[in-house]
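Undergrad: What shape does this take:
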Amino acid sequence: MKQRQNRGAQIKAHFLPINFRFTLFLVILIVAVFTAVFIISMEQIKDMTTLVCTRMGLPVVEKAALLIDGDAFEKLSQTLDKDDPFYKETQLKLHSLREDANALYLFTIAPYQGTIWHYIIDGTLATEKGFSDLGDKEDISSYERIIKDAMETRSPQFKALSWQRRWGWLIATYIPILNSRGEAVGIIGCNYEADSLFRGIRSQIIRQLIFAVLITALALRVYFILIKQVNRRNRQLIQLRENADAAANAKSRFLANTSQELRAPIKTVIELSGLSLQESVSAEARDYITSIRQVGTKLLSTADKILDFSKTEDGRKSGYTGFRK
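TA: Below is the predicted model:
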C-alpha cells in the first residue's frame, strides 16, 4: 500500500509542471497585451502631437521667424529696453499672427546675462497676471531642455502633450531665431490648446484598455477550461496507472504463490522417485521412475523461473520513478 501511495505521489508531481506552464503562458499573455496597449498609446500620442505641431504650429513659427529681425532681436536681448520700437513692433506682429493662426499664444524667449530668460509676448496676454514680461526671470525648468536643443541644433523642436495649470493641456512648437551670422539668438514658440485632442486620445486609450481586458478575460476563460481538462485527464491517467499497478501486483503475487505451491509437491515427487531408484526394481519400472524424475526436474526448473520472474516484476515496480518527461 505504501509503495502504491509513493508511486501516486510521483505521478502527481510529474503533472505539476503542466499547470505551471499554463500559468506562465497566461501571465506572459496578459503582460504582452497590456504592454502592447501602452506602446500603441504612446505612439498615438506621439503621432497626434507631431501631426498638430507640423501642420499647425510649425508653419506659424516659421512665418513668425521670417517677420522678426534676428539682429534687432539680439540687440534687444542684450539691453532689455521696453521703449525700443522693435519691442512694440514685435508684439503687434505676434498678436496679429496668433489671431490669424488661432493659436493659444505666440512668444519669443532669449537668455539675458546667463540667468534671466525674458519674453516678448503678444499684446493680449502681456497684461495677464502671472505672465512674465520683458526682463522678468522665468522658471523654464519644465521645458529648458527642448529650448536648448532648438538653439543648439538650430532646428524645430516639438513638445508633446503637457499640462499647464492656467491653460490645461498644451502642444508646443519651438524654432530658433537666427541673426545675420546664422547664430541662434532666441526662440519663437507657439502653443496650441490640446484639451480636445487629449480627450480624444484618452477615449481611444480607454477603448484599447477595455479591449485588452476583454482579451484577458477570454484568455482566463480558455485558461481555466484547459486547466480543468488537463487536470481531469491527469486524474484519469493516475487512476489508470494505479489500476495497472494493482493488476501487476496481483499477477506477481499469483505467480509467486503458484510457483511456491508447485515446488513443494514437485520436490516430493523428485525425492520419492530418487528413493525408489535405490530399491531393487525391474528394469521396466526403473525406466518409468527415471522418466518421472526427469519430468519432475523440468517442472521444478519451470516453477523456479516463474518465481524468479515474479521477483523481477516486484523489483522493477519498486524502482518506478514516474512517466518520462
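Undergrad: counting contacts, what elements does the lengthiest helix in the chain pack onto?
TA: When the chain is parsed with DSSP state H, its longest helix is helix 195-277. In terms of contacts (3 or more CB pairs under 8 Å, 6 or more residues apart in numbering; DSSP states H and E), helix 195-277 is packed against helix 2-52, strand 157-164, strand 168-178, helix 283-318. Yep, even glycine has a C-beta here, placed from its N, CA and C like the rest.
Undergrad: After the first one, which helix or strand is next?
TA: Towards the C-terminus, the helix or strand next in line after helix 2-52, according to DSSP states H and E, is helix 58-67.
Undergrad: Would you mind listing the buried residues in that following helix?
TA: For helix 58-67, burial by neighbour count (16 or more other CB atoms under 10 Å) applies to 58, 60, 61, 64, 65.
Undergrad: what helices or strands is that helix leaning on?
TA: helix 85-101, strand 105-112, strand 168-178, strand 184-193.
Undergrad: which other residues reach that helix?
TA: Residues from elsewhere that reach helix 58-67, judged by CB atoms under 8 Å, 6 or more residues apart in numbering: 93-94, 97, 101, 103, 106, 156, 173-178, 188-190.
Undergrad: for the following helix or strand past it, which positions count as buried?
TA: Going down the chain from helix 58-67, the next helix or strand is helix 70-79, by DSSP H and E. For helix 70-79, a neighbour-count test (16+ other CB under 10 Å) marks 70, 72, 73, 74, 76, 77 as buried.
Undergrad: wait, what's in contact with the second one?
TA: Spelled out, that is residue 72. Residue 72 neighbours (CB under 8 Å, 6+ apart): residue 86.
Undergrad: Begin at 35, not 1, for the rest of this chat.
TA: OK, 35 is where the count begins now, so the last one is residue 106.
Undergrad: now residue 169, nearest residue through space, not along the chain?
TA: residue 114 (4.3 Å; CB to CB, 6 or more residues apart in numbering).
Undergrad: pretty sure the one you found is touching residue 146, no?
TA: Yes: counting by CB atoms under 8 Å, residue 114 does reach residue 146; the two are 6.0 Å apart.
Undergrad: Give me the common contacts of the two.
TA: 152, 169.
Undergrad: about what we covered before: list the contacts for the residue nearest to residue 169?
TA: Taking CB under 8 Å, 6+ apart as the test, what residue 114 contacts is 146, 152, 168, 169.
Undergrad: quick one: the second one is in a helix?
TA: No: inclusion of residue 152 in a helix is not indicated when DSSP: H, G, I helix; E, B strand; the rest coil is applied; the result is strand.
Undergrad: Which residue is the nearest non-sequential neighbour of residue 227?
TA: Nearest non-adjacent residue to residue 227 (CB to CB, 6+ apart): residue 138, at 5.0 Å.
Undergrad: ok so, going back, can you add mean pLDDT and give the helices and strands packed on helix 92-101 back as a markdown table?
TA: Output for the helices and strands packed on helix 92-101, formatted as a markdown table (pLDDT from 0 to 100):
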| stretch | mean pLDDT |
| --- | --- |
| helix 119-135 | 86 |
| strand 139-146 | 85 |
| strand 202-212 | 85 |
| strand 218-227 | 86 |
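Undergrad: Point out where the stretch 35-184 of the chain drops to low pLDDT.
TA: Residues of the stretch 35-184 of the chain meeting the criterion pLDDT under 70: 35-56, 90, 157-166.
Undergrad: one more time with 90, if that's ok
TA: 35-102, 110-118, 121-184 (pLDDT under 90).
Undergrad: Now do residue 191 against residue 237, distance only.
TA: 28 Å (CB to CB, to the nearest Å).
Undergrad: Among these two, which residue is more densely surrounded?
TA: residue 191 (21 against 10; other CB atoms under 10 Å).
Undergrad: who are the neighbours in contact with the more buried one?
TA: Residue 191 touches 180, 181, 183, 184, 207, 208, 209, counting by CB under 8 Å, 6+ apart.
Undergrad: What is the most widely separated pair among the residues you listed?
TA: The span of the contacts of residue 191, defined through CB to CB, is set by 183 and 207 at 12.8 Å.
Undergrad: Closest one to residue 233 out of the buried residues of helix 104-113, please.
TA: residue 107 (37.1 Å).
Undergrad: The closest one: what's it in contact with?
TA: 120, 124, 142, 144, 154, 211, 213, 219, 220.
Undergrad: Could you pick out the buried ones from those residues?
TA: 124, 142, 144, 154, 211, 213, 219, 220.
Undergrad: Just give the nearest non-adjacent residue to the fourth one, would you?
TA: This points to residue 154. residue 142 (4.4 Å).
Undergrad: again with the first one
TA: Setting aside the residues directly before and after it, residue 124 is nearest to residue 154 in space (CB to CB, 6+ apart), at 5.1 Å.
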